[in-house]
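Q: sequence first, predicted model second:
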Amino acid sequence: MTTVSGTVRSARGPVLIAGLSVGLLAVVLVAAGTGQVQISPAEVIGSVLHRLGLDVGPLPSVAHGESALWQVRFPRVVLAAIIGAALGCAGAVMQGIFGNPLAEPGVIGVSAGAAVGAALVIVTGLTAWGSWTVAAGAFVAGLITTFAVYLISRANGRTEVVTLVLTGVGVNAIGGALIGLLMFLADDSGVSAIAFWNLGSLAQANWTAVWITLPCLAIGLTFAFANSRKLDLLALGERSAQHLGVNVEKLRIQMIVMTALLGAAAVAFTGIISFVGLVVPHLIRMVAGPAHRVLLPASAIGGALLVIAADLAARTLVDYQEMPLGVLTAAVGGPAFFWLLRRTRTRAGGWG
Amino acid sequence: MSRISRRLRPVFGWGRPRVPVPRPAGSVAIEVRDLRVELGGRRVLDGIDLTVRTGEVHALVGPNGAGKSTLLAAICGDVPPSGGEIELDGAPWSQWSSTELALRRSMLTQRAMISFPFSVNEVAQMGRAPWSGLPESAGDDEIVADALRRTDVAQFAERPFTALSGGEQARVALARVLAQRATVMLLDEPTAALDLHHQELVMQVARERAEAGDAVVVVLHDLALAGAYADTVTLIAKGRVRAAGTPDAVLTSDCLSETYGHDIEVIAHPRNGLPLVVPHRPARTTRLIPTPEESR
């Protein structure tokens, strides 16, 4: 990262965002067309254009192509994009407020907290009120966990790597215990619902899930983008940010609520998909530098791209079987986390 | 203006922040009256009166633990006073929003740090944040370039802040504070990490700001630097003002010797007459290792 100069970086920002957008579009077309019913990208585009009232391009030629596309594939791809964008952006924002590149909902235990909330809703049968109750439970529990971690892990205005990671260990342990307890109390269907949640999967994606999570994403992204310059200033430390006119306390609370909202949107219908929020912002920073004006949108697009691609892999790697998405991202993200941990440690000259 | 609308303004962005009006040199920029500060139950500052005027470099000097940095932090708004008043630009601290404060005072803290590898240029640009949305922000690029040049860091403007040495980082932090163009510049030991040349450079920068009509308050350990560059020196000891006035009046052998508990001589420089502060040092009588001449 040290070799990249600032001017080159700032020129790279728009190019990166444009490139990621093109990549996102391409992966959407491929993912929507791939599966038991194969549909070519041209037919996917044609189908979308016809729905928009434009009689351009070919329609899916295979039997049930149209319905497979609109009832199964599109909700799944769109939900994957929403989740990826939410996770990528939430990770970047969280790293900004903690002043630490290792902060990520999964690492610090916020995902586990949200999972406890969701499991609690499943076990107590509140789901009868509608599918949004799981999202609400995940949001409330995620919010409480984020605040708790924030309060526990901070000292003198910053969070040290070791404190943050150890706090995450503790929170994940408590979360795991609570989830275990809830599974013990739950009936068979509850157990499988909670297990599904912990593995993370997009198999149950539908349009309802899309319509519930989309507003959360929109609100979260809007607030995060609007505060990108203030997040930059926070990198100078709380005091200096305050001296530059940032109301640090207000910003922090707003951003914590936003990450919890984005996190809840991400986990509500799919369960825990870890490490996206860790890996994506880090890669973006390596290419375009740490300025949040580029980092936040690029992380959102990059996250969407990654989750769609990972989901595509999860459902096509093994024939007639679907791998849990969370398992796949953790298998890639875990080693990436080790690498990042080592890098941060070398850079900080110790466990600072 | 009513309290409610003052509270709501920063929340909803009502109206524009009140931009400081330029005042003639010699106007009161900061007025501290009977300030008392307690930290952890211990009285750190007591009965402090201090006036800082535009157009002056005001040095705060004193022994370790005297309360200089706490005084600066209290003026800056970081440490809440437990008694007394601090007025900034003619109004109590609480009357200004965080942005309005940022337009009026900038602060260089002792240790510069950053969580992510922003470039030097980006760090200096952060100093312009309070002005965003105001017409003054049109000159951002020039002001940032000027700040980088004055602090002698323009040559590595594109390098990441984290890759610089301690002294270079300190100068970049100063560039950021300069770029803020606040009426009052508060500098907490800006010369601590710097070599001789850059110490002088930083104090010259402080003088230039004062001559441009701003007020500069600077905590210094080097009394000769204070004597050479400050218009007013306030000597603080044990949380109280021990002496205040022109460098000639404050930096005297008697006053310094008593305050620091060490014999200190103040001599006028033979050519420019500026005070040289020399602590009493015992003459060297023994030498265990022979000099090269002796061993030959």
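A: Received the coordinates, thanks.

Q: going by C-alpha atoms from here, please, whenever you check contacts or count neighbours.
A: Will do.

Q: in which helix or strand would I find B:Ser69?
A: Per DSSP states H and E: B:Ser69 is located in helix B:68-76.

Q: give me the three-state assignment for B:Leu225.
A: Secondary structure state of B:Leu225, per DSSP: H, G, I helix; E, B strand; the rest coil, is helix.

Q: can you give me the distance of it to B:Val57?
A: Separation of B:Leu225 from B:Val57 (C-alpha to C-alpha, to the nearest Å) stands at 11 Å.

Q: which one's more surrounded, those two?
A: Legend: neighbour count by other C-alpha atoms under 10 Å in any protein chain shown for B:Leu225 and B:Val57, higher for B:Val57 (27 against 19).

Q: OK, contacts around the more buried one?
A: By C-alpha atoms under 8 Å, 6 or more residues apart in numbering or on different chains, the residues touching B:Val57 are B:206-207, B:210, B:215-218, B:229-232.

Q: which of the residues you listed fall in helices?
A: B:206-207, B:210, B:229 (DSSP state H).

Q: export these to a markdown table and tack on pLDDT, distance to chain A and neighbour count?
A: Listed next are the ones in helices among the contacts of B:Val57 as a markdown table, based on pLDDT from 0 to 100; distance: C-alpha to the nearest C-alpha, whole Å; neighbours: other C-alpha atoms under 10 Å in any protein chain shown:
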| residue | pLDDT | distance to chain A | neighbour count |
| --- | --- | --- | --- |
| B:Ala206 | 95 | 19 | 26 |
| B:Arg207 | 95 | 22 | 21 |
| B:Ala210 | 95 | 20 | 25 |
| B:Tyr229 | 95 | 25 | 20 |
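
Q: chain A contacts on the stretch 151-296 of chain B?
A: Residues of the stretch 151-296 of chain B lying close to chain A by C-alpha under 8 Å from any C-alpha of the partner chain are B:157-160, B:163, B:180.

Q: tell me the mean pLDDT for the longest helix belonging to chain A?
A: Longest helix of chain A, by residue count under DSSP H: helix A:6-33. Taken as a whole, helix A:6-33 has a mean pLDDT of 84.

Q: just checking, next helix/strand downstream of it?
A: Downstream of helix A:6-33, the first helix or strand assigned by DSSP H and E is helix A:41-51.

Q: next helix or strand past that following helix?
A: Going down the chain from helix A:41-51, the next helix or strand is helix A:65-67, by DSSP H and E.

Q: flag every buried residue along that next one.
A: Neighbour-count burial for helix A:65-67 flags A:65-66 (criterion: 16 or more other C-alpha atoms under 10 Å in any protein chain shown).

Q: other residues contacting that helix?
A: Helix A:65-67 is touched from outside by A:37-39, A:47, A:59-60, with contacts defined as C-alpha under 8 Å, 6+ apart.

Q: show me which of those residues are buried.
A: Buried members of those, scored by 16+ other C-alpha under 10 Å, are A:38-39, A:47, A:59-60.

Q: can you pick out the most distant pair from the residues you listed?
A: Taking every pair in the buried ones among the contacts of helix A:65-67 and measuring C-alpha to C-alpha, the maximum separation is 13.7 Å, between A:Gln38 and A:Ser47.

Q: give me the most central residue, chain A.
A: Centroid-nearest residue in chain A, with C-alpha atoms, centre = their mean: A:Leu87, separated by 1.5 Å.

Q: wait, doesn't that one sit right on A:Gly302?
A: No. Counting by C-alpha atoms under 8 Å, A:Leu87 stays clear of A:Gly302, with 10.0 Å between them.

Q: what about the residue nearest to B:Gly90 when sequence neighbours are not counted, helix or strand, and which?
A: Here the nearest residue to B:Gly90 in space, its sequence neighbours aside, is B:Ala29; by C-alpha to C-alpha, 6 or more residues apart in numbering or on different chains that works out to 7.2 Å. Taking DSSP H and E as the definition, B:Ala29 sits inside strand B:28-39.

Q: same for that strand, what does it pack against?
A: When contacts are defined as 3 or more C-alpha pairs under 8 Å, 6 or more residues apart in numbering or on different chains; DSSP states H and E, strand B:28-39 packs onto strand B:42-53, helix B:68-76, strand B:83-88.

Q: of the ones you listed, flag the one that's most buried.
A: When you average the neighbours per residue for each of the helices and strands packed on strand B:28-39 (mean count of other C-alpha atoms under 10 Å in any protein chain shown), helix B:68-76 leads with a mean of 23.

Q: low-confidence stretches in chain A?
A: Applying pLDDT under 70 to chain A flags residues A:1-10, A:127-128, A:131, A:156-161, A:344-352.

Q: which one in it is furthest away from the centre?
A: Outermost residue of chain A (C-alpha atoms, centre = their mean): A:Asp55, 35.8 Å.

Q: who does B:Val233 form a beta bridge with?
A: When bridges are called by DSSP bridges, B:Val233 pairs up with B:Ala59, B:Gly245.

Q: surely B:Glu142 is within a helix?
A: Yes. Looking at B:Glu142 with three-state DSSP, it is inside a helix.

Q: confirm B:Ala66 sits in a strand?
A: No. Using three-state DSSP, the assignment for B:Ala66 is coil, not a strand.

Q: identify the residues contacting it.
A: Residues near B:Ala66 by C-alpha under 8 Å, 6+ apart: B:44, B:236-240.

Q: what about the spatially most central residue of chain B, which SS state?
A: Taking C-alpha atoms, centre = their mean, the centroid of chain B lies closest to B:Leu187, which sits 1.8 Å from it. Judged by three-state DSSP, the three-state class of B:Leu187 is strand.

Q: I figured it was touching B:Val218, is that so?
A: Yes. Using C-alpha under 8 Å, B:Leu187 is in contact with B:Val218, at 4.6 Å.

Q: tell me, how many residues neighbour B:Leu288?
A: Other residues lying near B:Leu288 total 5 when counted by other C-alpha under 10 Å.

Q: most widely separated two among the contacts of helix A:65-67?
A: A:Val37 and A:Ser47 (14.6 Å).

Q: show me which residues of the stretch 101-250 of chain A sit near chain B.
A: A:101, A:229, A:232-233, A:235-237, A:239-240, A:242-247.

Q: go with 6 Å
A: Residues of the stretch 101-250 of chain A lying near chain B by C-alpha under 6 Å from any C-alpha of the partner chain: A:235-236, A:243-245.

Q: does anything pack onto the helix or strand where A:Lys250 lies? Which helices or strands?
A: Taking DSSP H and E as the definition, one finds A:Lys250 inside helix A:248-267. Applying 3 or more C-alpha pairs under 6 Å, 6 or more residues apart in numbering or on different chains; DSSP states H and E, one finds that helix A:248-267 contacts helix A:74-98, helix A:132-153, helix A:207-226.
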